[in-house]
Structure formats: structure tokens, C-alpha cells
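# fold the following and give me the result.
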Amino acid sequence: MTGNINNLSRYSREDSEKSKLIKEVLKEYKPLMFSKCYFKEVSLDKDSYKESRIDADVVNELDYNYSFDEVVEKDKAVLKSSLDEATLSKYCPKCGLRYPKEEIVCRHCLVHLKEFSDKIDVGDIESNPHFIFNGQNDYKSFEELLNGNNLIKINEFDFTIDDYSTILHDIKSQAFVYFNSLVKDNEIDFDELDILEKIILFIKSFVKVEFKSSGSQLGYFESDTIFIDDRQTKSLQITTLIHELSHFLIQEILIHILCKLLDSTRNSLTESLVTFILSYTHFTQLIDEYAAHNVEGRFTIFGFQDYSSFTQIEQRMDGEMTKDEIEITKSIGNTFAVSIKEILESLIDKEMREEIKEQFLIDVLDRPNYAALVLENCQILNDEGFIKAIWLILNDGCEVAASNIGRLVSIHEG
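I've put the predicted structure just below:
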């Protein structure tokens, strides 16, 4: 597998925006020298403000150092807003306008008002999105799917960057159809949701979400479902959901590409084949994991990035890949991450990213740690290099899969 990886390095270029941002943070990072400064916990009672030491050199980067007066005024504004709206206990399911409890009908939409207490819990909403790709062929067995002619088609790889853009657009379009249905069918006022509820609803436009309360994993993606531990803080649930959704989207992108190459209808066989390709070698595991970490990091405040699952794979390899080859896998992961972030930022805009940041500042008690930023690779592949990388992933993966039908059947039968 890795024999052809090094050829991809000549197609890479620096992601200058990401590189500049990381350098600005890291130049202030002094792991052994901390100065005194204070982070003030939000409260209206001056005596209850607690002081905790954090790195003074980076505090401005994270907006920790609100002055006492600024924090108090912010709290007062929130409190005043709550008091003003306390008597508005009903809402219009069509326009979202709020009404006092004695009102019955929306004056503008002429529809029956609902009580806020009757609003559905986003976590309880069931979703079952299916992403469609229709082709002339509908293979019924792995032997059929991976026949000699199909392996030749995959090797020839008649696929362009325009085809790739079309696939991204199709995935995004289908997700937003599901998203709109979830909002309308459940009569949800999206603006009234907190940031975790917004993210959960968006995630449910792509996959099922189930909550777990056992095991050490923060969350994981399996088949068509993300399992998330709701014992976590809201901010960690958000970034875990985004990380796991990234795994789904990489798989989804590759399924669509495979179906395009083979003019095949998407079915459980193509899904199982791509699951195998992303898991059978450390090369694809690293790409998948690094891309997911990169996307997660886009929605995490600096100092709380986490590359633990990527480094765990590295440690298991025991010299299987050279340092340069690992850096190239990071570049491939970065390039996939660009596409995934484009899909997610269609909804998770600047305003929602600020809400995520505010949630982190509420939840996080640990000192920010910038050491993880050293693991960042700021190289992305140009269009030609990226197409070659996808060819390498699918061509090598399908060749190996054709000789491991039993493993594919095992994945398919679950």
C-alpha cells in the first residue's frame, strides 16, 4: 500500500490560513513558564467570583479575560431577557412568535398556539436518513460487485474533481431535505434550541443518534448510527458528535465514488466494502482518523484539540510507515476534512460556532494545552493529487477485498 504514497507529496501545498493560525497560537505557547492572570467565573455575585491561574500569554487568544464589569453586564442582560420573556409561555408552531399563556391563536398565522412545556425533546426525535445513489447495476453478491471487469474500471478510474464536487453537493442536498423534514414534522423553533440540541438535530439529518450510559468511549460510529455518551459535558458531546459524523461522511463520499465508477445503485454491499477499505490497513485508518480529528478541531477552541485515537494507531504500527509517509496520510486526511467542513459549515455558521465556543467556556475547567497543535499538518493536496489519493485508496482496497470475500461477508452480516 505505502509504496505509492510518496508520489503524492509533489501534489501537496500548504494550507496557508490554517498554518498562519496555528503559528500565531504556538508562538505564544511556553509550556514551562506560566504567568499570573485570572479567569472570572460568570456570576452576578461579586463575592462568588473565583480566580484560577491560566497562561497569561494565551488568554487573549481565547477571550478568557473579560473584565469584571463586562461579565456582570453580560449576565444582567441575560437575566433581564429571561425575566422579560418569563410570561411568554406559548409559541406559534408556524412562525415561532411567542405569546402569553392567555392567548390561543397566532394573530399572524391563525394557527393554534402550543405550550413551550409541550415542545419535543430533540434527543427523543427519531430519524432514519438514507442517502441514495442510483445506477444501472444493482449487485447482489460481493463476487458480482468485485468481478474482473469492475476491478479494471476502478483501476482505470474515470473520475474527475467535478464528479467529486457533484457528489458533495448531492450528499449535502439530501441531508438538508432530511433536516427540513425534522424541523417541520416536529414543529421545532430552531432558534429556540440550545447549541447541543441544534447540533444533535443536524447530526440526525445524516445518521441515527443513540445515547449510551456505559463504557469508556465518548462516542463511536457504527453502521448508520452514532452512539454518544450523554454523561459528558455539552461541549464534549458536540465535538464528539462532529468527530463521529466526519467518519460517516468520509465513508459516504467513498461509497458515492465507488457507485459512480461502477454505475451501481448504492446498497448494503457497497457500504460493507467501503467499511472494509477504511479499516483493513493502518494507511486508511490514519486518513480516516486524522480527517475526523481535523474537522472536530475546527469547532473546538484552541487548546482543547485531541488527536488521541490517531496517535494510538501510530503507536500500534511499530515502524510500518515512515515519518514522511505518515505526513502524507495527514495531507490526504486534511483534504478530505476540507470537504467535510464545507458540508458542516452550511449550517454550523459563525454564529453557531460562537455558541459552541461559549459552551466550552462554561464547561471546561482544565487549563488549555497547546501541545496537540504540534501534531497538525498544514498540507493539502491539489485536485490532481487528491484524485490520485482516492484512486490509491479504492483501487488497492478493492483488490485486497476481492481476495477476502469471507471478511466482507462477516462485515455485511454484522
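
# so what's residue 280 up against?
Shown in contact with residue 280 (Cβ atoms under 8 Å, 6 or more residues apart in numbering): 397, 400, 401, 404, 407. (Glycine included, C-beta is placed from N, CA and C.)

# I'd say residue 379 and residue 13 touch.
Yes: Residue 379 lies in contact with residue 13 (Cβ atoms under 8 Å); the separation is 6.9 Å.

# poorly predicted segments of the stretch 1-150 of the chain, please.
1-3, 24-86, 116-119 (pLDDT under 70).

# mind listing the strands for it?
For the stretch 1-150 of the chain, applying DSSP state E, counting those that start in this stretch gives strands covering 12-14, 39-40, 51-52, 90-91, 98-99, 114-115.

# partners of the longest one in the sheet?
Looking back up the chat, that one is strand 12-14. Sheet pairing of strand 12-14 (DSSP bridges) gives strand 379-381 (antiparallel).

# pull the distance from the partner strand to the chain's centre.
19 Å (Cα atoms, centre = their mean, to the nearest Å).

# going forward, the N-terminal residue is numbered 832.
Will do, 832 is the new start, and the previous item becomes strand 1210-1212.

# buried residues, that strand. List them.
In terms of neighbour count (16 or more other Cβ atoms under 10 Å), strand 1210-1212 has its buried residues at 1210, 1211, 1212.

# what's the very next helix or strand once past that strand packed up against?
Using DSSP states H and E, the helix or strand that follows strand 1210-1212 in sequence is helix 1214-1233. Secondary-structure packing of helix 1214-1233 (3 or more Cβ pairs under 8 Å, 6 or more residues apart in numbering; DSSP states H and E): helix 979-987, helix 992-1016, helix 1065-1093, helix 1099-1110, helix 1113-1129, helix 1154-1175.

# show me the one of those that comes nearest residue 1031.
For the helices and strands packed on helix 1214-1233, the distance to residue 1031 is smallest for helix 1065-1093, at 6.9 Å, taking Cβ to Cβ.

# give me the buried positions along the closest one.
Applying 16+ other Cβ under 10 Å to helix 1065-1093 flags 1065-1093 as buried.

# now stretch 1171-1181
1171, 1172, 1174, 1175, 1178, 1179.

# circling back: need the helices and strands packed on helix 1214-1233 in CSV (columns: distance to residue 853).
Output for those, formatted as CSV (distance: least, Cβ to Cβ, whole Å):
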stretch, distance to residue 853
helix 979-987, 36
helix 992-1016, 26
helix 1065-1093, 18
helix 1099-1110, 27
helix 1113-1129, 10
helix 1154-1175, 12
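
# and residue 1143, which of these is closest to it?
Here helix 1113-1129 is closest among the helices and strands packed on helix 1214-1233 (Cβ to Cβ), at 8.6 Å.

# what's the spacing between residue 1032 and residue 1014?
7 Å (Cβ to Cβ, to the nearest Å).

# same check on residue 836?
Residue 836 is 43 Å from residue 1014, by Cβ to Cβ.

# and those two? which has more neighbours close in?
Per other Cβ atoms under 10 Å, whichever of residue 836 and residue 1014 has more neighbours is residue 836, with 21 against 16.

# my read: the more buried one touches residue 1158, true?
No: contact between residue 836 and residue 1158 fails when scored by Cβ under 8 Å: they sit 9.8 Å apart.

# for the closest residue to residue 1212 other than its chain neighbours, give me the pLDDT.
For residue 1212, ignoring the flanking residues on the chain, the nearest one in space by Cβ to Cβ, 6 or more residues apart in numbering is residue 1166 at 4.7 Å. On pLDDT, residue 1166 comes in at 97.

# ok, back up a step: adding distance to residue 928, write the buried residues of strand 1210-1212 out as CSV.
What follows is these, written out as CSV (distance: Cβ to Cβ, whole Å):
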residue, distance to residue 928
1210, 50
1211, 45
1212, 49
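
# rebuild those residues as TSV, extending it with pLDDT and distance to residue 1008.
As requested, the buried residues of strand 1210-1212 are exported to TSV (pLDDT from 0 to 100; distance: Cβ to Cβ, whole Å):
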residue	pLDDT	distance to residue 1008
1210	90	35
1211	93	30
1212	96	31
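
# wait, which of these is closest to residue 982?
Proximity of the buried residues of strand 1210-1212 to residue 982, judged by Cβ to Cβ, is greatest for residue 1212, which lies at 24.5 Å.

# wait, that closest one touches residue 841, no?
No: at 10.0 Å, residue 1212 does not count as touching residue 841 under the criterion of Cβ under 8 Å.

# excluding chain neighbours, what is closest to residue 1186?
Nearest in space to residue 1186, with sequence neighbours left out and distances taken as Cβ to Cβ, 6+ apart, is residue 1026 at 4.0 Å.

# so what's that neighbour up against?
1065, 1069, 1183, 1186, 1187, 1189, 1190.

# swap in residue 1150?
Contacts of residue 1150 (Cβ under 8 Å, 6+ apart): none.

# element containing it, please.
Here residue 1150, judged by DSSP H and E, is contained in no helix and no strand.

# phi first, then psi, for residue 1039.
Dihedral angles of residue 1039 (phi, psi; degrees, to the nearest 10) stand at phi -70, psi 150.

# give me the neighbour count for it.
When neighbours are defined as other Cβ under 10 Å, residue 1039 has 15 of them.

# list the contacts of the nearest residue to it once chain neighbours are set aside.
In space, and not counting its chain neighbours, residue 1039 is closest to residue 1056: 4.3 Å by Cβ to Cβ, 6+ apart. Listed by Cβ under 8 Å, 6+ apart, the contact set of residue 1056 reads 1038, 1039, 1040, 1041.

# equivalent analysis for residue 1166, please.
Residue 1166 is in contact with 1211, 1212, 1217, 1220, counting by Cβ under 8 Å, 6+ apart.

# those into JSON lines, with extra columns for distance to residue 920?
Below are the contacts of residue 1166 laid out as JSON lines (distance: Cβ to Cβ, whole Å):
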{"residue": "1211", "distance to residue 920": "51"}
{"residue": "1212", "distance to residue 920": "54"}
{"residue": "1217", "distance to residue 920": "53"}
{"residue": "1220", "distance to residue 920": "55"}
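
# closest to residue 977 among these?
Nearest to residue 977 among those is residue 1220, at 21.1 Å by Cβ to Cβ.

# how much space between that closest one and residue 1133?
Going from residue 1220 to residue 1133 by Cβ to Cβ gives 28 Å.

# got the contact list for residue 998?
1084, 1087, 1088, 1091.

# make it 10 Å
Listed by Cβ atoms under 10 Å, 6 or more residues apart in numbering, the contact partners of residue 998 are 964, 990, 1083, 1084, 1085, 1086, 1087, 1088, 1090, 1091, 1170.
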